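Peer 1: Following is a predicted model, sequence given first.
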Amino acid sequence: MKRHLLLATTLLLGACAAPRTTVRTDDQSGSVVFKVKPSNARAVVDGQDVGEARNYDGVSRVLKLAPGAHVIRITAPGRQDFETRVYLSDSQELVQVELPEASK
């Protein structure tokens, strides 16, 4: 009986001391969803135009981006630009804004 108890204890302690495995995935990405007015507003991410913001409304699709910091600018003719910075890991960020009319 003592032998079995000693063997079980040894196995349990050995399992706790076993090397740990870390799984790393290289395909992680974050995403951005836009809720923007006016509906013809365009999204520019890190200096690149990615199209109309309404295309990434979270219903039909989202804008997938690599993890890290990104600068997002929303523009529309006759409206003031909006700019924000986001940091993505494997999260989803919401950019919600109504662009005011540009001052004349």
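Peer 2: That came through fine.
Peer 1: I'd assumed Val97 was in contact with Pro38.
Peer 2: No: Pro38 is not in contact with Val97 according to Cβ atoms under 8 Å; the separation is 10.7 Å. Glycine gets a C-beta too; all of them are placed from N, C-alpha and C.
Peer 1: all helices of this structure, in order?
Peer 2: Remark: helices assigned in the chain by DSSP state H are 2-16.
Peer 1: Spatially, which residue comes closest to the spatially most central residue of it, not counting chain neighbours?
Peer 2: Centrality entry for the chain: nearest residue to the mean C-alpha point is Gly30, 2.4 Å, by Cα atoms, centre = their mean. If the residues on either side of it in the chain are set aside, Gly30 comes closest to Leu88, at 2.8 Å by Cβ to Cβ, 6 or more residues apart in numbering.
Peer 1: Please state the offset of stretch 54-61 from the chain centre?
Peer 2: Centroid separation between stretch 54-61 and its chain, computed with Cα atoms, centre = their mean, to the nearest Å, is 15 Å.
Peer 1: what's around Ala43, how many residues?
Peer 2: Counted with other Cβ atoms under 10 Å, residues neighbouring Ala43 total 22.
Peer 1: just Val36 next, same as before
Peer 2: For Val36, using other Cβ under 10 Å, the count is 22.
Peer 1: Same question for Thr75.
Peer 2: Applying other Cβ under 10 Å, we find 17 residues neighbouring Thr75.
Peer 1: Equivalent analysis for Ser31, please.
Peer 2: By other Cβ under 10 Å, the residues close to Ser31 number 17.
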